[in-house]
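Asker: output the structure for:
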Amino acid sequence: MLGLVAGTCGGYLVQADRRPTKLPSLTQPLSPPAVGKTPKPLPAAQDRRVRTDGDLRKLLLKKPRGAREAEWVEGADGWMDLASYAEKYQKTGKKFSQYIHDEFRRAAVASWSVDDSYNVEIYLVQFHQEEVLAAVEASDTGRHWAGWVWDTNRWAIPGTGDGQVFVHNQPEPERNYGRQAYVAEAYAWRGDIQMEILITGSKRVSKKLIADLAKRQMERL
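Answerer: A predicted model of the protein is given here:
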């Protein structure tokens, strides 16, 4: 035991007398730059995020010549908050809570009336989509319920994947703000934006009308 203690003490004394060993540098030389051309950033005209993160109202279809603005749609200067958007649905509170969960960001709306024969409403609803892919889910929900209406025809919107238009062949009571009306709907999505189109009229809405509006609106996205 005395030998072990003496050896340990001797080792410490020898180590204490030695000069400290210099540690290697923590920094490392930089790697040489990659060879070849790096891709240039997309111009604003081709970068979709530049358009959709800007003024969303500029992506809405314009009111056609001869049509008049719809006064029954709530929206300040083309914007619609979540409370106003949820009021479009019968179960307003449930819709409001659902869109809070789905990270509602903002909504833009355009609406007009043509010769008192039919009314058009176009909504672009944008989501944050940090946790939920809400745009595609909202579009799926709209298509699901539109397809459940009895005596309804549906067609695909070209170039949208799963976007569809729906023409209901029978009038719906109290759909047009308390009056019986024929209805056509369209639902599609692109990125973080859901598109919704609603047409109500005194006569059955033609496929050509709703399909053309939906196709042109999606092209603007």
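Asker: going forward, measure contacts and count neighbours with C-alpha atoms only.
Answerer: Will do.
Asker: where does the protein dip in pLDDT?
Answerer: Flagging of the chain using pLDDT under 70 yields the residue ranges 1-2, 4-17, 20, 22-51, 72, 74-76, 174-178.
Asker: quick one: the helices in it?
Answerer: Assigned by DSSP state H, the chain shows helices spanning 2-17, 48-52, 82-86, 92-101, 134-147, 207-220.
Asker: could you work out which of these reaches nearest to residue 67?
Answerer: Of all the helices of the chain, it is helix 207-220 that lies closest to residue 67, at 14.5 Å by CA to CA.
Asker: that older thread, same list (the helices of the chain) but as TSV, adding mean neighbour count and distance to residue 173.
Answerer: Below are the helices of the chain laid out as TSV (neighbours: other CA atoms under 10 Å; distance: least, CA to CA, whole Å):
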stretch	mean neighbour count	distance to residue 173
helix 2-17	10	96
helix 48-52	14	36
helix 82-86	18	20
helix 92-101	14	19
helix 134-147	19	15
helix 207-220	17	20
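Asker: quick one: those helices as JSON lines, columns for distance to residue 123 too.
Answerer: Output for those, formatted as JSON lines (distance: least, CA to CA, whole Å):
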{"stretch": "helix 2-17", "distance to residue 123": "79"}
{"stretch": "helix 48-52", "distance to residue 123": "14"}
{"stretch": "helix 82-86", "distance to residue 123": "9"}
{"stretch": "helix 92-101", "distance to residue 123": "15"}
{"stretch": "helix 134-147", "distance to residue 123": "12"}
{"stretch": "helix 207-220", "distance to residue 123": "10"}
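Asker: so which of the ones you listed gets nearest residue 65?
Answerer: Using CA to CA as the measure, helix 207-220 is the one of these that comes nearest residue 65, at 14.6 Å.
Asker: please enumerate residues in contact with the closest one?
Answerer: The contact list for helix 207-220 (CA atoms under 8 Å, 6 or more residues apart in numbering) reads 59-61, 157-158, 160, 165, 167, 184-186, 188, 190, 195, 197, 199.
Asker: now do stretch 165-185
Answerer: 146-147, 149-157, 186-187, 196-207, 210-211, 214.
Asker: filter those down to the buried ones.
Answerer: Neighbour counting by 16 or more other CA atoms under 10 Å classes 146-147, 154, 156-157, 186-187, 196-202, 204-205, 210-211, 214 among the contacts of stretch 165-185 as buried.
Asker: now do the strands in the protein.
Answerer: Along the chain, the segments classed as strands by DSSP state E run 68-69, 79-80, 104-114, 118-127, 152-156, 164-168, 172-176, 179-190, 193-201.
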